[in-house]
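K.L.:
with the input below, show me the fold.
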Amino acid sequence: MKSVAIAIFPGVQALDVAGPIDVFSEANGFLPPEDQYEMTLLAAAPSALRASNGMTLVPDATFDATLAATPDKRARTFDLALVAGGPALPDAPPDPPLTAWLAGVASRCERYGSICTGAFALGHAGLLDERRVTTHWQHARQLADRFPRARVDFDRIYLRDERLVTSAGVTAGIDLSLALVAEDHGARAALAVAKRLVVFAQRQGGQSQFSPYLTAPADDRSPIAKVQAHVMANIRDKFTVRQLADVAGMSARNFARVFVQETNVTPHEFVERARLDTAKQMLESGDAPLKVVAWESGFGIADRMRATFAKRLGVTPMQYRERFRRKPSIEG
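P.N.:
So this is what the prediction gives:
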């Protein structure tokens, strides 16, 4: 069996825990007993704790219990050790028992890593130096600033750097876990699990975690939401800040300020990423020539589209199309 440990703590993101557990649990239904996953929830104390959504989680063991070595018992090892994320992790250091456990267990695991903002806990444990990592796109810049020796990839759903595996925000933990199942037992096993969970089985690690819809304002009737809808409906057009400000009925200066305030990206970045998202969908679902994809997504010419793919995803459009059609790869 393969042993999987997931570190939890008060305020943990419940889906960061439940997503991977469900993937490995469902995989067990397709695997012989000797190949199945054995899952353990670990925390600083044995008592129940509350996730950020109020859900109660009960650990199976404590960090200390798995690290402690006695004359008749060695410290426990795991094939995979993951730390889940939580809304507070980007701003507050995790409790010392968690970082001590991560630092101690990482060297003894076949694979270790994080889901979502759990990457911050890895950083505090000194495990991100000179490593390629990813996290939730809203916190990637903060992770890079907090741990400057980490090589933070702002856009990947998940990736692997030797034994270290990291995933982007929340549901990307499911994608990472499916990729791990594929790595352990083949793409057919991962596909069977994905079908059971009714999730996509082909989200590659190299896909962008950004979607223009993730930046939607809270009020879908706001001027900014009107601009976003206008861009998506007219993606082939060229846009200037002044033109978009006119759509919003605002001055250009005020529009640019309010747009960033409500979406966390500039108007230019939103348009570029909206074009990228449109191009990705076309590459994933069809065989249109690159010049057609570039025109339909608003890049105009293939060279400009290639430059954006290289900047945002680190691959060419053709490489993206080919990678998307291959079996899931954890390398990202």
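K.L.:
excluding chain neighbours, what is closest to residue 7?
P.N.:
Excluding its sequence neighbours, the residue lying closest to residue 7 (CB to CB, 6 or more residues apart in numbering) is residue 83, at 4.3 Å. C-beta: built from backbone N, CA, C; applies to glycine.
K.L.:
next one: phi and psi at that neighbour?
P.N.:
Here is the backbone geometry of residue 83 (degrees, to the nearest 10): phi -110, psi 130.
K.L.:
tell me, what's the model's pLDDT at it?
P.N.:
With respect to pLDDT, residue 83 scores 98.
K.L.:
tell me the contacts of it?
P.N.:
Shown in contact with residue 83 (CB atoms under 8 Å, 6 or more residues apart in numbering): 6-7, 98, 102, 113-115, 118, 121-122.
K.L.:
how about a cut-off of 7 Å?
P.N.:
Residues in contact with residue 83 (CB atoms under 7 Å, 6 or more residues apart in numbering) are 7, 102, 114, 118, 121-122.
K.L.:
which ones among those residues lie within strands?
P.N.:
Among these, the members found in strands (DSSP state E) are 7, 114.
K.L.:
bridging residues for the residue nearest to residue 7?
P.N.:
Following DSSP bridges, residue 83 is listed with bridge partners residue 7, residue 114.
K.L.:
how close does it get to residue 119?
P.N.:
Remark: distance between residue 83 and residue 119 (CB to CB, to the nearest Å) = 8 Å.
K.L.:
and what of residue 82?
P.N.:
Applying CB to CB, the value for residue 82 to residue 119 is 11 Å.
K.L.:
what count of nearby residues applies to residue 62?
P.N.:
Using other CB atoms under 10 Å, residue 62 has 17 neighbouring residues.
K.L.:
for it, which non-adjacent residue is closest in space?
P.N.:
Leaving aside its chain neighbours, residue 62 sits nearest to residue 46 (5.6 Å; criterion: CB to CB, 6+ apart).
K.L.:
count of residues packed around that neighbour?
P.N.:
By other CB under 10 Å, neighbour count at residue 46 equals 11.
K.L.:
that one against residue 57, yeah?
P.N.:
No: the pair residue 46 / residue 57 is not scored as a contact, 12.0 Å apart, by CB atoms under 7 Å.
K.L.:
so between residue 82 and residue 119, which is more surrounded?
P.N.:
In this view residue 82 and residue 119 are compared by other CB under 10 Å, and residue 119 has more residues nearby, 33 against 28.
K.L.:
break down the stretch 201-332 of the chain into its helices, ranges please.
P.N.:
Remark: helices assigned in the stretch 201-332 of the chain by DSSP state H, counting those that start in this stretch are 223-233, 241-248, 252-263, 267-285, 290-296, 302-313, 317-325.
K.L.:
could you dump the first one to CSV, C-alpha only?
P.N.:
The C-alpha atoms that make up helix 223-233 are tabulated as CSV, following Å, rounded to 0.1, in the frame of the first residue of the first chain:
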residue,chain,number,x,y,z
PRO,A,223,-19.7,48.9,-14.8
ILE,A,224,-16.6,46.7,-14.5
ALA,A,225,-18.7,43.6,-15.1
LYS,A,226,-20.2,45.3,-18.1
VAL,A,227,-16.7,45.9,-19.5
GLN,A,228,-15.7,42.3,-18.9
ALA,A,229,-18.7,41.0,-20.7
HIS,A,230,-18.0,43.4,-23.5
VAL,A,231,-14.5,42.2,-23.9
MET,A,232,-15.5,38.5,-23.9
ALA,A,233,-18.3,39.1,-26.4
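K.L.:
so which other helices or strands are in contact with it?
P.N.:
Where contact means 3 or more CB pairs under 7 Å, 6 or more residues apart in numbering; DSSP states H and E, helix 223-233 is packed against helix 241-248, helix 252-263, helix 267-285.
K.L.:
highest mean neighbour count out of those helices?
P.N.:
helix 267-285 (a mean of 20; mean count of other CB atoms under 10 Å).
K.L.:
now that one, how far from the chain's geometric center?
P.N.:
18 Å (CA atoms, centre = their mean, to the nearest Å).
K.L.:
got the angle for it vs helix 302-313?
P.N.:
Inter-element angle recorded for helix 267-285 and helix 302-313: 100 degrees (by axes from the mean of the first three to the mean of the last three CA atoms, to 10 degrees).
K.L.:
doesn't residue 94 lie inside a helix?
P.N.:
No: secondary structure of residue 94 (DSSP: H, G, I helix; E, B strand; the rest coil): coil, not part of a helix.
K.L.:
which residue sits closest to it, ignoring its sequence neighbours?
P.N.:
Per CB to CB, 6+ apart, closest to residue 94 is residue 121, 4.6 Å.
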